[in-house]
Structures are given as structure tokens and as C-alpha cells.
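K.L.:
Predicted model, plus sequence, below.
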Number of protein chains: 2
Amino acid sequence: MLKIGDFSTLAQVSIKTLRYYDEAGLLEPEWVDPENGYRYYAARQIARLHRILALKDFGFSLEEIGRLLGEGVNAEQMRGMLVLQQAEQKKRVEEEGDRLSRISSRIRLIEKENDMAYDVVLKTVPKQKIASVRETIANYPSVGALYGKVASGLGPGMASAGIPVALWHDHEYKEKDVDAEAGFYLRQDVAAGGGVTVHELAETTAACTVHNGAYKRLSEAYDALLRWVAENGYQIAGPTRELYLHCTKPVRQDDETYVTEIQVPVRKQPVAGSQ
Amino acid sequence: MLKIGDFSTLAQVSIKTLRYYDEAGLLEPEWVDPENGYRYYAARQIARLHRILALKDFGFSLEEIGRLLGEGVNAEQMRGMLVLQQAEQKKRVEEEGDRLSRISSRIRLIEKENDMAYDVVLKTVPKQKIASVRETIANYPSVGALYGKVASGLGPGMASAGIPVALWHDHEYKEKDVDAEAGFYLRQDVAAGGGVTVHELAETTAACTVHNGAYKRLSEAYDALLRWVAENGYQIAGPTRELYLHCTKPVRQDDETYVTEIQVPVRKQPVAGSQ
DNA sequence: TCGAGAAGTCGCCGATCTTCAGCATGATTC
DNA sequence: GAATCATGCTGAAGATCGGCGACTTCTCGA
């Protein structure tokens, strides 16, 4: 029979923690003196304590451990729980590895540009209704002409139009004959017609960055963004979106107050060779 | 000028969070209406918000982010912070990988034994004074004879003797001529003499398991323990200790109430091939 | 062997850490 | 009149740690 202090020394677990485990029903002392409430442990109980510590290390919460130790869980059930935990742990390892990759990628970008440059953020973009026209246009800047078409096509529906957006459907950079879709996010449903299509963009995960400044330097943002996608093991999974968060009418290519968000839908590249 | 709700929608960050970031001085609205306190944001501020999100993803706390954004931190300093964070993240990735390895190892053990078997715990064993004799003995069980020598050598000093311990100095299993050290942990300093040495065992990290039962089955515990050491990429870094947490005098080889803790000092094996 | 002080133990309450989420209440705007 | 905005308080998560006052037990000297 060991007093809590002795047991604590033996097992390298603090007295506080032992009391907490007692209270939580994880490890009750072999005997409690009804006179003074002193807890007395048996050396044999260190085995159970070790099991608790091991399970805790595996990532189980104390509550889960309580369930695992409490009911008559046999080896087979325990194995099942461990396999589940193993799967979660694998995910965790992968996530932390990805995070490391993002940090490293950012460091490389700073070293290359010697500037804090662009912050790329992975976020889930919700589904979104859009009214747009899709055409093959001469080059990127000429997308501006399409917004007039959308506006006139919508007519009074323009009232529920949100921010202007462009979608680039090509899979690579094109000097000419660009497959472009231009339109407005919609706050409410609106009737299509007049060459304007209303449809819904599905929810997607996208790598995003914001470009503050003139359009002529937008390519720098693209550089950083595509670099990020490649370096972090993603692949492009849909048309790139450009959200014109701030611009003017008429559009000036060199207005430094413009704010543009670029979103590249991505999915994790099937791992090959990574652990 | 965007109201907080619009900005929240645009940036995919909750209003609560935006208010919190304002309060924390991380992202103050471009303008606050003094009349009603309404926060108004500029689209341009999404860039700063993205930076916050990116840094948060890198593992910085909001307080650290505040410092990184607040003072005039230049690209070089930012790089320095990121490199630090990268190092921490590398450690984290490694730790999580190790944890995964431990879970997998445990699953294999259960599958092999079809039993919950032994829980191996890695712990830091503090430095510890010990009074002992070291001799080459015929075989493992005959270590018992050494305790009498220690006891008589210590004489009245036995009063401050703690639990009996054996240290096995051989680097492998031996059938005979075992290099054994036997003695007692000391609660207080004690004079050496009479063939008994008093010295201090340094603090060490050890893989530990507890064997509840007779000594004749102690080898099962060793099996599990050594298996664990090998499977988790450790190597043995000192003499194995056996702590006799519960035993009787005289010793019986088949007493099932005995409790013995085995501690194998280990260090992480120099990684080769792992990331 | 007794007494005094030291050490151990008790339960309880709160702090820690971080990042919000929820709710109440009231003002304002569309 | 409904949605949006404000402030501000509380709670939540999880596993302890720290501190308090009150009691009990141990130890050592006289």
C-alpha cells in the first residue's frame, strides 16, 4: 500500500494528476482510508496507469480512455479503436507535413522576392449563383467588354448583382483566343436571357490571394499563387476566378487602388512517393 | 467601404472573428463611424486579413501575429521568424510521426499476442542515488544473493534504502557470466563501504513497462519492450534496470503478486532515410 | 515517551491556454 | 418591420497546475 506521494514518485506522475484520475474514475486507489480520506495505491496499479499514459499518448482523450478501460473491452475491440486512432493520426501527420510545406514554400518565396509579397490562403469557397456570358476573347484585358453585355442582358436584374467576377476556363496561359466567362455574383435569383446565363458555381476549395494594385502587375500574384499550388502538392481543379473587389468604371489598367482576389480551385494531388 | 457583414462574406471570416481581431489590434477597420460605432472596412484590407490567416496557419498565435504585423517588420525579419517556426513545425511533424509509429507498433503487438499485453511508456527517469554491488554472476535469478551483501554492507544505512533495483550491464542476453549490479535506491546519502558502492544514476529517458506476475514470465515483458524499442526507432543507451516494486523475502520465482518495472534507457536512433 | 515542527494529504476553487460562439439587450439602417 | 450592427458577458474545450486552509502523520530531539 503506497500513499499518493510514493505512488507519484514511483510512477513519475504528479499527485494532482493522480487525484484527477481518481475523480475521473480512471484510476481509483486500491483503498481509501475512510477515517481521513487518504488514498492508498498498490504497486500493481502502475500497470493500469501505464496503460492510461500509453492511450493518452496515442491521442485518446481521458474520457475515451475511461470507456476503453471501464467496460469489458477485449483485445479485438481495443485493436479496432487503435486502428481508428491510427487513421486519424495518419491524417494528422499529413496535415502537419502539409503545414510544414506551406511554411517552407513561404520562406522560399520571401527569399526569391526579398519581399513579403503575396499571402496564399487555402479556403473553402461556398457555392455561388452567377449571371455571366462566356466567350472566346482576344486577350485577357478585353474581358472588360463582356460586363456591358451582362449588364444590358440582365436589365433590371442588375439590382441583385454583386461583385464582378471573371472565370478563366483555359487550362493554361493563352496569348489569344481566351475562353473567358465574365459576370456578377448574384445575391438573389434572377431570370436569364439576352445571352446571359444564370448558373451556380459549386462549392470548392481554392487557393486564394489578393492583389492590391494595378492589373498590369496581376501576373506577379499569379506567379506566387501557381508556385504555391505546385510547391504544396496541389493540382488545379477548375477554372480560375478573378474577383474584382474594387475597381472603377471605366476600367483603368494602371489604377493602383484596385483590389483583385484570385482564386484557383485545387485538390490535393494524389500522393506518390510521399509517406 | 464595406460593412462588417459584407467584409465577412467577402473574406469568409465570421463577424465575431473580425470584431475580435479589431479588439486585438490585428485588423482595425479603415473607418469607424463615430455616431454609431459601425465598422467599415476597405476591400484592400483583405490582403492584411489573408496575411493574418496565413500566419495563423503557420502556427503563430494571434499575439505573435500582432507583433509581426505591428512593428515595422521587414522581409528579412519575417524570414527569420518563419525559419524558427519551420524548425518547430519540423519537430512537430516528427513527433506526430513517432506517435503514429507507436500506435502502429501497438496494433502489431495486439495482433501478434491477441492480448492487450504490455503498455510501453517513454518517460524521463530522474537522477537517482543508489547503493549497490556489481558482480559477475552465474545467471539472472542468482542476482538475489547480492541483496544480502548490500544489506549487510550498508548496516544501519539500510534505513534510508528504498526499492530494490537490478541493473544489467551486458549489451545482450547472456546464459551465464552476467554482469549484474544489485542494490537499493537511496532516499538519503549513505556512507559507502563493505564492498558496497554508492553512486548516482544520471537522469535518462527510458522505455518502461510493468510486469505484474511471476519472474519466470518476465521475458514476455522484455520481448514486448525490446520489440517496441526496435520498432519505434530507438536504440538502447545504457544498462537496463529492473525495479522490484513488490516482492517478498524470501524471493519466490513463481509468486504471481510480484510487480516489476523494467526500464530500458534509450535514445532516438540517428534517422537515416526518414525525412 | 512526549511534544513540536515538518512533511504529507485532503478537498475545493480558480487559472491556464486560445479562439472564438452564443446570448442578451439595445440602437440603427434598409 | 426585419435585418444588421453595437457592446459585453459567459462558456467552451481538455488536462492539468497552483494555491488555500484544515487536518493527519511522521520524525527527531529531549
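P.N.:
Good, I have the coordinates.

K.L.:
so where do the strands sit in chain A?
P.N.:
Using DSSP state E, the strands assigned to chain A run over residues A:2-3, A:31-32, A:39-41, A:121-125, A:128-137, A:161-168, A:178-186, A:197-201, A:204-212, A:234-236, A:240-246, A:259-268.

K.L.:
which strands and helices sit next to the second one?
P.N.:
With contacts defined as 3 or more CB pairs under 8 Å, 6 or more residues apart in numbering or on different chains; DSSP states H and E, strand A:31-32 has these neighbours: strand A:39-41. C-betas here are computed from N, CA, C, even on glycine.

K.L.:
anything in the strand it packs on near DNA strand C?
P.N.:
Yes. Applying CB under 7 Å from any atom of the strand, one finds strand A:39-41 in contact with DNA strand C at A:Arg39.

K.L.:
So for that strand, what gets flagged as buried?
P.N.:
Neighbour-count burial for strand A:39-41 flags A:39, A:41 (criterion: 16 or more other CB atoms under 10 Å in any protein chain shown).

K.L.:
which stretches of chain A have low pLDDT?
P.N.:
A:271-275 (pLDDT under 70).

K.L.:
Now tabulate the strands of chain A in a markdown table and tack on distance to DNA strand D.
P.N.:
Compiled in a markdown table, those are given as follows (distance: least, CB to the nearest atom of the strand, whole Å):
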| stretch | distance to DNA strand D |
| --- | --- |
| strand A:2-3 | 8 |
| strand A:31-32 | 12 |
| strand A:39-41 | 11 |
| strand A:121-125 | 19 |
| strand A:128-137 | 16 |
| strand A:161-168 | 13 |
| strand A:178-186 | 15 |
| strand A:197-201 | 20 |
| strand A:204-212 | 20 |
| strand A:234-236 | 31 |
| strand A:240-246 | 16 |
| strand A:259-268 | 19 |
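
K.L.:
between these, which one is nearest to B:Leu243?
P.N.:
Between B:Leu243 and these, the shortest separation by CB to CB is 13.2 Å, and it involves strand A:2-3.

K.L.:
quick revisit: make TSV out of the strands of chain A and add distance to B:Thr204.
P.N.:
Putting the strands of chain A into TSV (distance: least, CB to CB, whole Å) gives the following:
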stretch	distance to B:Thr204
strand A:2-3	23
strand A:31-32	33
strand A:39-41	25
strand A:121-125	43
strand A:128-137	59
strand A:161-168	61
strand A:178-186	63
strand A:197-201	59
strand A:204-212	47
strand A:234-236	44
strand A:240-246	56
strand A:259-268	42
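
K.L.:
So for B:Phe7, which of these sits nearest?
P.N.:
Judged by CB to CB, the one of the strands of chain A that comes nearest to B:Phe7 is strand A:240-246, at 10.0 Å.

K.L.:
How far off centre is the longest helix along chain A?
P.N.:
Ordering each helix of chain A by length in residues (DSSP state H) puts helix A:75-113 first. Relative to the mean C-alpha coordinate of its chain, helix A:75-113 is positioned 13 Å out (CA atoms, centre = their mean, to the nearest Å).

K.L.:
And chain B, is that helix touching that?
P.N.:
Yes. Residues of helix A:75-113 contacting chain B under CB under 8 Å from any CB of the partner chain: A:75-76, A:78-79, A:82-83, A:85-86, A:89-90, A:92-93, A:96-97, A:99-100, A:102-104, A:106-107, A:110-111, A:113.

K.L.:
Show me what residue of chain A gets nearest to DNA strand C.
P.N.:
Residue nearest to DNA strand C within chain A: A:Gly5 (2.3 Å; CB to the nearest atom of the strand).

K.L.:
my guess is that residue meets A:Ser14, correct?
P.N.:
No. Checked against CB atoms under 8 Å, the pair A:Gly5 and A:Ser14 is beyond contact range at 10.4 Å.

K.L.:
Correct me if wrong: A:Ser152 contacts A:Ala145.
P.N.:
No. Look at A:Ser152 against A:Ala145 with CB under 8 Å: they stay out of range, at 11.7 Å.

K.L.:
how many neighbours does A:Thr9 have?
P.N.:
16 (other CB atoms under 10 Å in any protein chain shown).

K.L.:
do A:Trp168 as well
P.N.:
A:Trp168 has 20 nearby residues by other CB under 10 Å.

K.L.:
A:Ser105 now?
P.N.:
18.

K.L.:
Report the contact partners of it.
P.N.:
A:227-228, A:231-232 (CB atoms under 8 Å, 6 or more residues apart in numbering or on different chains).

K.L.:
out of the strands of chain A, nearest to B:Ile52?
P.N.:
Within these, the stretch nearest B:Ile52 is strand A:121-125; the backing value is 9.5 Å (CB to CB).

K.L.:
Just want the angle from the closest one to strand A:259-268.
P.N.:
Computed by axes from the mean of the first three to the mean of the last three CA atoms, to 10 degrees, the angle separating strand A:121-125 from strand A:259-268 equals 90 degrees.

K.L.:
neighbouring strands for strand A:121-125, and are they parallel or not?
P.N.:
Pairing partners of strand A:121-125, with direction, according to DSSP bridges: strand A:204-212 (antiparallel).

K.L.:
Buried by neighbour count: which residues of the strand it pairs with qualify?
P.N.:
For strand A:204-212, the neighbour count (16+ other CB under 10 Å) marks A:204-212 as buried.

K.L.:
Can you list the neighbours in contact with stretch A:115-126?
P.N.:
With CB under 8 Å, 6+ apart as the contact definition, stretch A:115-126 has outside contacts at A:109-110, A:203-211, A:220-221, A:224-225, A:228, A:241, A:263, A:265-266, B:12, B:47, B:50-51, B:53-54, B:57, B:75, B:78.
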